[in-house]
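Participant: Have a look; sequence and predicted model below, questions after that.
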Amino acid sequence: MRDTFEELYNTVVHRKEAKEEGSYTCYLFDKGLDKILKKVGEECSETIIAAKNGVKADTVGEISDLLYHLTVMMVNEGISLNDVKAELDKRAQKTGNLKTFHQVNRNS
Ligand SMILES: N=c1c2ncn([C@@H]3O[C@H](COP(=O)(O)OP(=O)(O)OP(=O)(O)O)[C@@H](O)[C@H]3O)c2ncn1[C@@H]1O[C@H](COP(=O)(O)O)[C@@H](O)[C@H]1O
């Protein structure tokens, strides 16, 4: 089965390796980390606002923008999809995390 997210990740890796005329991803890599992080922040805020407004299609669009910019950030920082999958898998071993969360908050 096609893994759209993996395909996106691989496209972004290719954009980092080789310049492509008219590529927005190359433009972001050229601008550097501060620009990439600014876009992640913007898209995150827009996702929050869209969810608050409650129009599903708009929220899906903003989530897609956010995931794309997060992917550019990951590639820029040398973080692979497997790095994130491994962390999620580790967490999946454990359920019933609510108590831990409250303990952490009480102690901070
Ligand atoms: N998923 C995306 C994606 N989501 C959003 N965007 C671009 O992100 C930009 C964000 O728009 P904004 O209005 O926030 O920003 P802007 O005003 O255009 O520019 P700046 O604020 O960044 O200066 C738009 O130009 C969108 O086209 C994306 N650009 C690329 N991709 C993926 O990346 C692949 C490679 O794209 P290129 O690198 O352009 O070839 C594509 O096939 C897609 O799969």
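Facilitator: The structure has been received and is ready for your questions. Numbering: from 1, shown residues only.
Participant: from here on, contacts and neighbour counts on C-alpha atoms
Facilitator: Will do.
Participant: what does the chain have sitting close to the ligand?
Facilitator: Counting by CA under 6 Å from any ligand atom, the residues of the chain close to the ligand are Leu8, Ser23, Tyr24, Thr25, Cys26, Asp65, Tyr68.
Participant: Could you check how far the third one is from Lys16?
Facilitator: In this structure, Tyr24 and Lys16 are 11 Å apart, going by CA to CA, to the nearest Å.
Participant: What ranges does the protein have for its helices?
Facilitator: Taking DSSP state H, the helices of the chain run over residues 4-17, 24-31, 33-53, 56-76, 81-92, 98-107.
Participant: Report the rounded mean pLDDT for the last one.
Facilitator: In this model, helix 98-107 carries a mean pLDDT of 68.
Participant: How about residues contacting stretch 43-60?
Facilitator: Glu62, Ile63, Asp65, Leu66, His69 (CA atoms under 8 Å, 6 or more residues apart in numbering).
Participant: got any ranges where this structure has weak pLDDT?
Facilitator: For the chain, the stretches with pLDDT under 70 are 1, 100-108.
Participant: Can you tell me which residue is spatially central in it?
Facilitator: For the chain, the residue nearest the mean C-alpha position is Leu70 (2.8 Å; CA atoms, centre = their mean).
Participant: Okay, that residue and the ligand: tell me how far apart.
Facilitator: To the ligand, Leu70 is 10 Å away according to CA to the nearest ligand atom, to the nearest Å.
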